Structure formats: C-alpha cells, structure tokens
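A.B. asks: Test case, fold it:
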Amino acid sequence: QPSNAVGKYQFIRPTLEGLVNELGVGRDGLFDEALQDRLAIHLLERRGVREYVRGHITREQFAHNLSMEWATLPRVIGRNPGASYYDGDGLNKAQVSIDVVLAAIDSLRATTSV
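C.D. replies: Next up is the predicted model:
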C-alpha cells in the first residue's frame, strides 16, 4: 500500500491528526509552509531536541529518536544501524546515511540555544 504522507515533512495521517489536536490547529487553516514548520518543530521537541541541545541526551540518542519519527532516517543505535527504524514493513527504508544525520545534528547544537 502506498504511503499517505503529506507535506514538506511527510506527515502521516495519525501523526498529523494528533498534532492538529495537540496544538489546537484549526482544520480550516492553510497547510502552508509556516504551519508545516510549526508541526515539525513540535515533533523535534517531542523527540528530544531541547534535551540534546542542553546536553542531556547524546546525539546518537537524539538521532535514534528522530528515526522513530521519520522513516527515511536511519537507525543510529540498536539493531541494524543504517536501516530505517521501520525497515521490513515493505514501505520504508532509510534514504540518508548515519554520517549525514549526525552532521546535521551536530550543526543543530552549534546554532541553537534553547
């Protein structure tokens, strides 16, 4: 079955519906770039971006948390590193390398204060 993911960050229906309810987003509003960014930032916060930037979790743990949210990101820790957290479901596979993810996460800490 093909994915029903939508938008810049490829939200799947259950995630999008949960975010809309959690954040009190009106269902009649535009699903524009600003809203999509707001929703993605909320997911980053849910997955530990503040804890990572503050040094409370490692970059590897944060990368692992992100791989549970975005199926195209690879596992960094645990079994089968480099594969999608959802590998084997017939739909998802990692689309970037662990090195790319860790480099992006490193740059996040260098440019962010929370």
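
A.B. asks: buried set for the lowest-mean-pLDDT helix or strand in the chain?
C.D. replies: Using mean pLDDT, DSSP states H and E, helix 98-111 stands out as the lowest-scoring helix or strand of the chain, at a mean of 90. Residues 98, 101-102, 105 are the ones in helix 98-111 that count as buried (16 or more other CB atoms under 10 Å). C-betas here are computed from N, CA, C, even on glycine.

A.B. asks: Flag the shaky bits of the protein, pLDDT-wise.
C.D. replies: Within the chain, the ranges that satisfy pLDDT under 70 run 1-2, 112-114.

A.B. asks: can you name the farthest residue from the center of it?
C.D. replies: Within the chain, the residue lying farthest from the chain centre (CA atoms, centre = their mean) is Asp28, at 24.8 Å.

A.B. asks: For that one, give its distance to Val20.
C.D. replies: Relative to Val20, Asp28 is positioned 11 Å away (CB to CB, to the nearest Å).

A.B. asks: Pipe the buried residues of helix 98-111 into a markdown table and attach distance to Val53 per row.
C.D. replies: Formatted as a markdown table, the buried residues of helix 98-111 follow (distance: CB to CB, whole Å):
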| residue | distance to Val53 |
| --- | --- |
| Ile98 | 20 |
| Val101 | 16 |
| Leu102 | 15 |
| Ile105 | 10 |
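
A.B. asks: of the residues you listed, closest to Arg46?
C.D. replies: Comparing the buried residues of helix 98-111 against Arg46 with CB to CB places Ile105 closest, at 15.8 Å.

A.B. asks: ok, Arg109 touching Tyr52?
C.D. replies: Yes - Arg109 is within contact range of Tyr52, at 6.7 Å (criterion: CB atoms under 8 Å).

A.B. asks: who touches both of those two?
C.D. replies: Counting by CB atoms under 8 Å, 6 or more residues apart in numbering, the contacts common to Arg109 and Tyr52 are Arg59.

A.B. asks: circling back to that earlier point, out of the buried residues of helix 98-111, who's nearest Pro14?
C.D. replies: Nearest to Pro14 among the buried residues of helix 98-111: Val101, at 23.7 Å, using CB to CB.
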